[in-house]
Every structure is written in structure tokens, then in C-alpha cells.
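Student: Take this sequence and fold it.
(chains A, B, C and D)
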2 protein chains.
Amino acid sequence: MVNYMKSDPLSTAFAALADPTRRAMLTRLCEGEATVNEIAAPFDLSLPAISKHLKVLEGAGLISRGRSAQFRPCRLEPGPLKDVADWVERYRRFWDESLDRLDNYLKEIQYKERSDDA
Amino acid sequence: MVNYMKSDPLSTAFAALADPTRRAMLTRLCEGEATVNEIAAPFDLSLPAISKHLKVLEGAGLISRGRSAQFRPCRLEPGPLKDVADWVERYRRFWDESLDRLDNYLKEIQYKERSDDA
DNA sequence: TAGCTAATTAACTTAATGGTGAACTATATG
DNA sequence: CATATAGTTCACCATTAAGTTAATTAGCTA
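Tutor: Numbers count the residues shown, from 1 in each chain, chains lettered A, B, ... in the order given. Prediction:
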């Protein structure tokens, strides 16, 4: 009987990434630091909603926030993204394999079609 | 004003992966097909709970299920894992960069320490 | 000080998630 | 047919998540 802790960092990162708004925010932060209002601009959401999303991202360690005057510039923190990449990377052989199978299948089809032509 | 759809496949995949029980199930399925009870064995959870987790994984396209007699063997479906890997891969340069910065920082520290010694 | 801008917090609603036990479906077998 | 095994569905409960509006904090500027 395994007892999994309910909020390990990897789970928190996956959960934070499970929202398209938050993923879009990270994409925006690829271009560099941004204030909350700059991040909010493209979305049809209230500022408190944006604030909550940013808190989720910060809680997952995916962003960090500074202070300058009344602004809280956000910056991308890639650590958890690397953890996600490392986790998912262990499955690479499976999708490579299934692409191989698809490839073989397509070759087989082509072969049969060629036979049909003949 | 961007209008993001609330349950695109990538979000569904990330959400499914945000639970350590479900990630453990996928890890188990790396070894090959398994029945529901085989999958359930390591967990201290009721069978309905297991069934729900499997439904979430199936809904995300991360597993598929067959039938043989009264068993529903589950198998890993790596497609969405590849999509996750592809998404996160776009951030690789960021963690590479920060590791570089860490590397430089550590080298700098070592340099200073050496100077202190001298 | 008053007022503007940036952002967060509070209080609330609604919906989704994760769990349970009990009942049910489906298949195999004595 | 009766019973055991495999698994799902139902009805329910507690917690969390995502959004809102209104109020609040913090810092700049006239």
C-alpha cells in the first residue's frame, strides 16, 4: 500500500500547466519580464483572476516576482519545466516505438498498394 | 482579448498528469498491459477510485482499454506524452541558460575562493 | 494631503475533483 | 442455476479551483 503525498512539486507543476491561460502567460514571459497588467492585457479576465493565476504559477515555482515601485515584475523560472521534461522524457521510447509501428504500417500499405497496381 | 477554450487536449493531459497516483499508474503500464485489479494493487484506494483515475487517463488519451473475458486490460498510449514533451521542449533554452548562469556563478565563487587562499 | 495607478485580499458563487460504500453488469465456473 | 470474480455506476460528501465584484494596500505624483 503506497501512500503518495498529495502535493509534491511535480504534481503542482503539472496542475499549474493544466490551464491554457497559465501556459499562455508562461509563453508571454519567454519574451522577458512583465508586469501584472502587461500579462493581463491579452485576456478577457478580471485582474483578481489574473492575480490568482500568477499565484498558482508562483506556487509551482514557474515564475518569481520582483518589486520596483508599485509594480511586481514577473519572470520565468524554468526549473519545474525541466522537471516536467525529465519526467516525460522517460516515456520517449514509447512514442518513438509507436511512430515506428505507424511507419511500418504505412510502408506495408504502400507495399500492398504497389502490389495492387501491378 | 483572447478566448481560450477550457478543455483542449493538452490541458486535459496536463491535468491527468497532475496526480501522483495517475502518474504511478502510467509508470506501471510501462511494463506492459495490466488489468484494473493489477493496477489497483499497490494503492490504498477503493476500486471505484481506481476506476475514476483510469477514466481520467483514458479521457486524456493516455491509456486505452481492451476486453478479454471479464477483464479490461489497460495499455499505455504515448501520444499525449509526446505532445507534453513537445510543449515543454520549447522552454529548454531557459533551463539550459540558467544552468549556464549557475555554472558561471559557481566558477566565479571558486575563482574568488582561490584568490582568498592566495 | 488628495488622487491616480498597480496589484492584492476578502467574500462569495459555481463547478470540478477525489474519495467513499452500496448496488449493479458481465463473465466464468462449480 | 448459484456463486465467485472483475469492474463500473450511483448517490453522496468534502475539498479545491476558477471566476466574480467590492474593498484594500502600496507607491507615485500633483
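
Student: thinking residue A:51 is in contact with residue A:39, fair?
Tutor: No: counting by C-beta atoms under 8 Å, residue A:51 stays clear of residue A:39, with 9.9 Å between them. For the C-beta atoms, the positions are set from N, CA and C on the backbone; glycine is no exception.

Student: who has more neighbours, these two?
Tutor: Under the neighbour definition other C-beta atoms under 10 Å in any protein chain shown, residue A:51 and residue A:39 were set side by side, and residue A:39 has more, 21 against 15.

Student: how about that one, what does it touch?
Tutor: By C-beta atoms under 8 Å, 6 or more residues apart in numbering or on different chains, residue A:39 lies in contact with A:25, A:28, A:29, A:50, A:54, A:74.

Student: What's the PyMOL line that selects buried ones from those?
Tutor: In PyMOL syntax, the buried subset of those is picked out as below (16 or more other C-beta atoms under 10 Å in any protein chain shown):
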select buried, chain A and resi 25+28+29+50+54+74
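
Student: ok, residue A:90 - how many residues close by?
Tutor: 12.

Student: repeat for residue A:9
Tutor: Residues within reach of residue A:9, counting by other C-beta under 10 Å, total 13.

Student: Quick check: chain neighbours aside, which residue is closest to the residue sitting nearest the centre point of chain A?
Tutor: By C-alpha atoms, centre = their mean, chain A has its centre lying nearest to residue A:17, at 4.8 Å. Excluding the flanking residues, the one nearest residue A:17 by C-beta to C-beta, 6 or more residues apart in numbering or on different chains is residue B:14, at 4.6 Å.

Student: Which helix or which strand is home to the one you found?
Tutor: helix B:9-17 (DSSP states H and E).

Student: Touching that helix from outside, list them.
Tutor: With contacts defined as C-beta under 8 Å, 6+ apart, helix B:9-17 is touched by A:14-15, A:17-20, A:23, B:22-23, B:26, B:56-57, B:59-62, B:80-81, B:83-84, B:87.

Student: near DNA strand D, from those residues?
Tutor: Contacts with DNA strand D within the contacts of helix B:9-17, counted by C-beta under 7 Å from any atom of the strand: A:15, A:18, A:19.

Student: surely residue A:64 meets residue A:78?
Tutor: No: counting by C-beta under 8 Å, residue A:64 sits too far from residue A:78 to count as a contact (10.9 Å).

Student: who has more neighbours, these two?
Tutor: Ranked by neighbour count (other C-beta under 10 Å), residue A:64 and residue A:78 place residue A:78 first, with 23 against 14.

Student: State the distance from the more buried one to residue A:59.
Tutor: 16 Å (C-beta to C-beta, to the nearest Å).

Student: isn't there a helix covering residue A:88?
Tutor: Yes: looking at residue A:88 with DSSP: H, G, I helix; E, B strand; the rest coil, it is inside a helix.

Student: thought it was touching residue B:81?
Tutor: Yes: with contacts counted by C-beta under 8 Å, residue A:88 reaches residue B:81, the gap being 5.5 Å.

Student: hey, where'd the strands end up in chain A?
Tutor: Counting by DSSP state E, the segments of chain A that form strands are A:63-65, A:74-76.

Student: Just give me how far the last one sits from the chain centre.
Tutor: The gap between the average C-alpha position of strand A:74-76 and the chain average comes to 15 Å, counting by C-alpha atoms, centre = their mean, to the nearest Å.

Student: what's that strand packed up against?
Tutor: helix A:20-29, strand A:63-65 (3 or more C-beta pairs under 8 Å, 6 or more residues apart in numbering or on different chains; DSSP states H and E).
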